[in-house]
Every structure is written in structure tokens, then in C-alpha cells.
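Enquirer: sequence-free structure coming up:
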């Protein structure tokens, strides 16, 4: 079907006028317009009751509609992607056994470190201070106190009494627990019933990603309204906070690369020059498209070119796209605490650790497509009683952050394939495949080891 669609795309007339503006540019435009509206029509200009007086706060319903649409995505997309990620790999896990165990162990260690680097960075720079997304009240304080984990309540809260009820309330951890058990049960089913269920989950996931794409067409209006409401309430200084948030993410990702990925590469004796030369083109694609899926075929070919056996590349990189999103997990830790700071809510270390546990589980089911982390962030905020308005504010600069975290996702997965090949003692064990891939990419033939 893809081949049949190519001639249509090739002969389609060029877009003209407003249709040439991408969604990303519309979001940036809406952010500027929203900032101007919030600055020109602050809430203070309309003292209560404010009848006959327009202020930026009057745009709040437009933002609320966008946030409600986002909340509607959370449960079905997490449920379906987790089941596909576990049950869809069930047979592969049995066949590769040792490789699967090593890969998942490596993924968990690296992504956990990424989470805590993000957590440390946001607590050091505190980019959300001063936004005043909403003033913490006694009611919100009680809600967060209930989320404080205890020895028994946290464990009890993990298990849903009804998956429908958990989905209705967007209880992400309960959805995850149910999905994991459901997926394990599905791996033990054979034949047609399993294929039917996996096919349904794949159809549901694909449909929900299309649903997300439709909702994103409304994003410029919802985000513009959210920015206007926030600036109208908190003042123009909120833009400084968003700049600090972006710089904090980039700084944390640099720390992760130099402090985690580089030492791992050195310990595994990865040929750094060849690795960087091979990964630079896929990384550029990921950076430009904000989708590591777009670079998937090229990065698989590039890793084969430097000597990673095809069977290892074929398992590690696709699996890593669900279980080893280093940049995304770091971003989620940073963004979730940023929203709490913006809402004037101080999370205890216990609450932050509980949030990290939630992110460790839920981030494993996210497909590596643009804006997919929005779903996980929204679900985490809903679980911990934090305002979803923070998502709309972050979306204003999400494109800048998405480019960096997606690139780190791709580089991290490429490195993982080389590390696994070293660990298995098979790096450079397929000279013919490696030489052919290197020739097609224009790389020198690998020095087989």
C-alpha cells in the first residue's frame, strides 16, 4: 500500500499559502499570539465581576477542551501499547532467551539513571518556580498527601478492582498492572485467539495515534489559549521559565551522554569514531523529524555496517524503541516535577520517587513517535493530582525539547545494540553482512574482532 501511495504524493500539487505552514509553526505562532493576548489583556484589567470586560482568562474554555481531549487518549493508548510491547515479543523472548534478559536488564539500568538525572536537574534549576499555574489549596494538599506512598497503601493501590473504573479515572499505575498481567496471559494463548487479540490491540493503538494526530490539529488553539491564560494570570515572566526548562533539558541530556553513554561505550570497547560516523545520519533524521521511527531502517543498517550481527540488531533496536527511550524518560521526570513547581506544590522526595516508579513503568509502552510522551506525561500528572494545564504550557516549547530527546533515544538504542553484541561476544561475527552494509553507507569496512 505504501508503494501505491508514492506516485500520488509525487504528483500532488505543492501546498500554497497557509497550508504550507506546518503544525509546529502553527503552535509557535499560537504561542506568540497567546503571549500577546495575555500581556495586553491581563486578568487584573478586569476586576470582579468583570462583566463586559475581556481578559485573557476568558479563553480558558478553549484550553480546557484541548486538555479533556488529551485525557481521553491516556487509558486506551497505554493499555494497547503495553500489551503489544509485551505479548508481541513473547515468542521472540523465548527464542533469544539470554539476549532478551541482558537487553532488558541494560535498558532498565540506563533508563533508571536517566530518570534520576532528570529529577536532579529539575530540582537544582527549579524552572517552574514563579509561574503560579494555580495556587495550592488545602484540598490539593490533601490529595497529594493521599498519594504519599506507605508500606501498604501503595501496593494496594496498584491493583484495580475494575479496569473500566481505572480507565475512567486515568489511574495509570492500575492500568499498567492490569495490562502487564493481561499481556503475560496472552503470551500463553496460542493460535487464532492470540492473533485476534493482538490484532485488535494493534488496531486500537494505531487508531489512538491517529486520534492524537487529529487532536493535535486543535493544539494551536488550545496551547495559544493556555499561554494567554497563564501570561494573563502570572505575567510575561513565564517565558523566562520556559527558556530555563529547555536549557535544563539540554544540559541534563549532555550530562547523561557524557556521564552514562560515553562510559558505557568505553567499557564495552565500542569503536567510537566508527560508531559516531555510522550514527550521525540516522541521528540527523531523528533530530529533524522528531521521530526515531523515521530513522529506524537507516540505524539498523548502520549498526550492521560497524559489525553488529543482524539477529542482535533486529531484536535490540526495535525492543529498545519500547524499553530504552533514554531521552524521553529523562524528559518525563523533568517535565512532571516542573508542572508541580509551576503549580506551587512541593512534592516530597517520597512523592517524587513514587512518580519516578510510575514513569519507569509507563514510559516502557510509548511508541517512538512525535508527541507520544505527551500521553505519558498527562497520565502521570492525572495520577498524582497535578494540573494538566502544565502540559499545554510545555507544548509551547515541546518541539525544541523533542528534537533533543528523540536524538538521544536513537543514539542510546544504537549504542545498546553494540554493547549487546560485545556482551554476547559476537561483535563483527558477520563479515559479509557488515561489509555490504558499510559499502552501501559509504563507510570503510569494519575491522572485525
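Expert: Nice, I can see it. What you are looking at is a predicted structure, and each value in this text was computed from that prediction instead of being measured.
Enquirer: wouldn't residue 177 be in contact with residue 161 here?
Expert: No: using CB atoms under 8 Å, residue 177 makes no contact with residue 161, being 11.9 Å away. For the C-beta atoms, the positions are set from N, CA and C on the backbone; glycine is no exception.
Enquirer: Which neighbours do those two have in common?
Expert: Common contacts of residue 177 and residue 161, defined by CB atoms under 8 Å, 6 or more residues apart in numbering, are absent altogether.
Enquirer: more crowded one of the two?
Expert: residue 177 (18 against 8; other CB atoms under 10 Å).
Enquirer: For residue 329, which three-state class applies?
Expert: helix (DSSP: H, G, I helix; E, B strand; the rest coil).
Enquirer: Enumerate every residue touching it.
Expert: Per CB under 8 Å, 6+ apart, neighbours of residue 329: 111, 114-115, 118, 359-360, 363.
Enquirer: Tell me the one among those residues nearest to residue 126.
Expert: residue 118 (13.4 Å; CB to CB).
Enquirer: Please report how far the closest one lies from residue 58.
Expert: 36 Å (CB to CB, to the nearest Å).
Enquirer: Those two: which is more packed in?
Expert: Counted by other CB under 10 Å, residue 118 and residue 58 do not tie: residue 118 has more neighbours, with 30 against 18.
Enquirer: Name the nearest residue to that one, ignoring sequence neighbours.
Expert: Leaving aside its sequence neighbours, residue 118 sits nearest to residue 333 (CB to CB, 6 or more residues apart in numbering; 3.4 Å).
Enquirer: The one you found contacts residue 360, correct?
Expert: No: counting by CB under 8 Å, residue 333 stays clear of residue 360, with 9.6 Å between them.
Enquirer: any shared contact partners between these two?
Expert: Joint contacts of residue 333 and residue 360 (CB under 8 Å, 6+ apart) are residue 115.
Enquirer: Mind jotting down where the helices sit in the stretch 251-400 of the chain?
Expert: Using DSSP state H, counting those that start in this stretch, the helices found in the stretch 251-400 of the chain span residues 262-267, 272-289, 296-305, 310-323, 326-342, 349-362, 372-383, 389-395, 398-424.
Enquirer: among the ones you listed, which is the most enclosed?
Expert: helix 326-342 (a mean of 28; mean count of other CB atoms under 10 Å).
Enquirer: The residue nearest to residue 118 and residue 35, how far apart?
Expert: 27 Å.
Enquirer: Over to residue 409?
Expert: Distance from residue 409 to residue 35, by CB to CB: 30 Å.
Enquirer: Give me the three-state assignment for residue 236.
Expert: Under three-state DSSP, residue 236 comes out as coil.
Enquirer: Give me the below-cutoff pLDDT ranges for the stretch 251-400 of the chain.
Expert: Within the stretch 251-400 of the chain, the stretches with pLDDT under 70 are 288-294, 297, 363-372, 399.
Enquirer: Mind doing that once more with 90?
Expert: By pLDDT under 90, the low-scoring segments of the stretch 251-400 of the chain are 268-274, 277-329, 331-333, 335-336, 339-400.
Enquirer: same deal with the stretch 101-250 of the chain?
Expert: Using pLDDT under 90, the flagged stretches of the stretch 101-250 of the chain are 101-105, 107-108, 111-112, 115, 126-163, 165-181, 183-192, 194, 202, 205-246.
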